[in-house]
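In: What follows is a predicted structure for the sequence shown.
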Amino acid sequence: MENVSRTSTSFDLLGLSELERFKFLYAVLALSIYLFTISISSLIIYVVWAEETLHEPMYIFISNLFFNGIYGSSSVLPKIMIALLSGSRTTGFLECLIQAFCIHSFAAVELFTFTVMAQDRYLAIGQPLRYATLMNNDKAIKYITLSWVVAFIAVLIPVIMSAYLHICGVNINNVFCDNTSFIMLACGGAVANNIFGAVEAFLINISCLLVIIYCYIRTFLICLKFSKEAYQKAIRTLVTHLSAFSMVIVSSFFVLLRYRINNGSISLVAHVVISVFGVVTPTILNPLIYGFRTEALKLKIIQRLRNAIRDDHLVKSY
């Protein structure tokens, strides 16, 4: 493999060549998904911000999920659209690192947010009398801020380590840059990067998963003591959160699967599908799950849309 300068190299995103035959179709599909994600996520964020009855920690956390979805999809889909339409499949060194940072920090914020949401539901259902003290809007905002700060720091360190690697390749088997694909191009491997990344990912994922599992098990056991009506209401909320979180687990599984079989045993098209699925799925399904299954939020969204249609009709009637 040809040795390339670390400071002046650009990379070829080979996955884009697999989309070349139907590039306009894929570009339209990417645009449609992006516009859907941006519009529905922005709508829900606006409704939560505008409706005082939704100014509660749970809805603040949900809004953060949607904002993070906009952030994640914006780091991938516009670049894919531009590359498909322009016919260029190359990306610069710095651009590649920035995109890798955005994608991994998106995933980290997603996990941290679900962790805090699990704690929030445990406190709301398990300790309702102390809930206002233990969790309020100010604390929710602090938790969200902390999630972003910790995610950025946790991702920035391995990305900076990757920036100092000596690169011996230019071909990335994907349609976007991620840190693992970047490390695979290092001359003679990158032992320190791999060890640090594996340990950090293990500690973060295991600690968050343990908190989430503990909170939801305790919450479910508490729900069993409720009356039938209260039980059904609490379980509906839990199912909504678990449905959204399960999508993150499934997406993460597909991403890990891609790394495990990145040895030519499957086609490049399969690698592309698995990679895009891991990033795009949560950004599409989170708004749908919370928008349709969270009753108070759904009613306020419908009310706002009806008011907007009515106001538009009144304006046109004049």
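Out: Here it is on my side, so go on. Residues are numbered from 1 along each chain as shown.
In: Surely Asn174 is in contact with His271?
Out: Yes: between Asn174 and His271 there is a contact under Cβ atoms under 8 Å: 6.5 Å. For the C-beta atoms, the positions are set from N, CA and C on the backbone; glycine is no exception.
In: Mind listing the shared neighbours of these two?
Out: Common contact partners of Asn174 and His271 (Cβ atoms under 8 Å, 6 or more residues apart in numbering): Gly15.
In: so where is this structure shaky, pLDDT-wise?
Out: Where the chain drops to pLDDT under 70, the residues are 1-8, 189, 254-267, 311-318.
In: What are the boundaries of the helices in it?
Out: 14-18, 23-50, 57-74, 77-86, 93-126, 131-134, 137-163, 179-183, 191-223, 228-260, 268-293, 295-317 (DSSP state H).
In: wait, which of those helices is closest to Gly169?
Out: Of all these, helix 179-183 sits nearest to Gly169, with 9.9 Å by Cβ to Cβ.
In: Show me what the closest one is packed up against.
Out: helix 93-126, helix 137-163, helix 191-223 (3 or more Cβ pairs under 8 Å, 6 or more residues apart in numbering; DSSP states H and E).
In: so can I have a markdown table of those helices showing mean neighbour count and distance to Thr281?
Out: Formatted as a markdown table, the helices and strands packed on helix 179-183 follow (neighbours: other Cβ atoms under 10 Å; distance: least, Cβ to Cβ, whole Å):
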| stretch | mean neighbour count | distance to Thr281 |
| --- | --- | --- |
| helix 93-126 | 21 | 11 |
| helix 137-163 | 16 | 19 |
| helix 191-223 | 14 | 18 |
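In: related to what we said a few turns ago, and the helices of the chain as TSV, adding distance to Gly169?
Out: Output for the helices of the chain, formatted as TSV (distance: least, Cβ to Cβ, whole Å):
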stretch	distance to Gly169
helix 14-18	11
helix 23-50	25
helix 57-74	26
helix 77-86	19
helix 93-126	12
helix 131-134	51
helix 137-163	13
helix 179-183	10
helix 191-223	15
helix 228-260	17
helix 268-293	15
helix 295-317	47
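In: need the helices and strands packed on helix 179-183 in TSV with distance to Glu52, can you?
Out: TSV is the format used below for the helices and strands packed on helix 179-183 (distance: least, Cβ to Cβ, whole Å):
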stretch	distance to Glu52
helix 93-126	19
helix 137-163	11
helix 191-223	27
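In: Out of those helices, flag the one nearest Ser39.
Out: helix 93-126 (18.7 Å).
In: Pull the distance from the closest one to the chain's centre.
Out: The chain centroid and the centroid of helix 93-126 are separated by 7 Å, computed with Cα atoms, centre = their mean, to the nearest Å.
In: just stretch 288-302 next, same as before
Out: 20 Å.
In: Which residues outside that stretch are in contact with it?
Out: 40, 43-44, 47-48, 51, 53-54, 59, 62, 65-66, 236-237, 239-240, 243-244, 247.
In: Stretch 19-30 now?
Out: With Cβ under 8 Å, 6+ apart as the criterion, stretch 19-30 contacts Leu77, Ile80, Met81, Leu84, Leu85, Gly87, Val175, Val272.
In: how many neighbours does the third one have?
Out: Neighbour count for Met81, taken as other Cβ atoms under 10 Å: 19.
In: And the first one, by the same measure?
Out: Other residues near Leu77 number 25, with proximity taken as other Cβ under 10 Å.
In: Just give me the closest of the contacts of stretch 19-30 to Lys228.
Out: Nearest to Lys228 among those is Leu77, at 44.6 Å by Cβ to Cβ.
In: Would you mind measuring from that closest one to Leu29?
Out: Separation of Leu77 from Leu29 (Cβ to Cβ, to the nearest Å) stands at 10 Å.
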